[in-house]
Each structure stands twice: as C-alpha cells, then as structure tokens.
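Q: Predicted model, plus sequence, below.
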Amino acid sequence: MRATLNGQWELAFYLNPLAYLAVLATLLAAAFLLIEAVRGTSLWNWDLCFQRASRLAPLLVVLCFAWWTWHVVTALKTPKPELVNFKNPVAATLAESLKPPGH
C-alpha cells in the first residue's frame, strides 16, 4: 500500500501483483453499478455473474493460496527485507529450514 501511495509502481507490483487485479475488478464493478444507478436499468445480469463466480471461487481460492505460498517461500529464500522480518523467530526458523544442506 505504501509503495502504491508513493507512486512506486514497480515495487508495489513486485510486492503484490494480485492487488492490481483486485483494484481493477472493484473499479469495474463500481463503474457498472454507478451507470446502472444513473440509468435506472441493469446493464449486467448480476445473478448469472454471481452463479458463475461461485463455481470458480474454489479454483480462485486455491490459485491465490498457491501464489501466496510461492511468494512467502521466495521471500524466505531470497533477501527481501521488505517482505520478511528475519528478527521474527518464526521467519528465521522457516528461512533456516528452507536453506539447502551445507549452507
């Protein structure tokens, strides 16, 4: 959030690229709802949209969890002090367990 507010777009994307998709989806939904409120008619079949989304929700949750897991493991394996505080005993223990033998 701080990187985005400071205009550091590359750093913000590096830290959390899925946030851009979430913001885009939120802005698009807000625009549709605003247009519908002004016109007084529906532009979108929201019931159908929610039905389709509910079928995709489990897959999206699994994909987001996989992305998050990969991101955390990468942060622990490589020096990313902006993501991990290695003074935290949990992070330090995980980082040690992910090091290759002999390092």
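A: Ah, there it is.

Q: Could you pull up the residues touching the residue most central in space within the chain?
A: Per CA atoms, centre = their mean, the C-alpha nearest to the average position across the chain is that of residue 18, at 3.4 Å. By CB atoms under 8 Å, 6 or more residues apart in numbering, the residues touching residue 18 are 64, 67. The C-beta positions use only the backbone N, C-alpha and C, and glycine is treated the same way.

Q: And it, its phi and psi?
A: With angles defined as degrees, to the nearest 10, residue 18 sits at phi -70, psi -20.

Q: pLDDT at it, what is it?
A: What the model reports for residue 18 is a pLDDT of 77.

Q: helices and strands around the helix of greatest length in the chain, which ones?
A: Secondary structure of the chain per DSSP state H: the longest helix is helix 46-77. Applying 3 or more CB pairs under 8 Å, 6 or more residues apart in numbering; DSSP states H and E, we find helix 46-77 packed against helix 89-98.

Q: now the helix it packs on against helix 46-77, angle please.
A: 70 degrees (axes from the mean of the first three to the mean of the last three CA atoms, to 10 degrees).

Q: Next, work out how far apart residue 75 and residue 67 are.
A: 12 Å (CB to CB, to the nearest Å).

Q: Tell me which of those two has more neighbours.
A: Shown here are residue 75 and residue 67; by other CB atoms under 10 Å, residue 75 has more neighbours (18 against 13).
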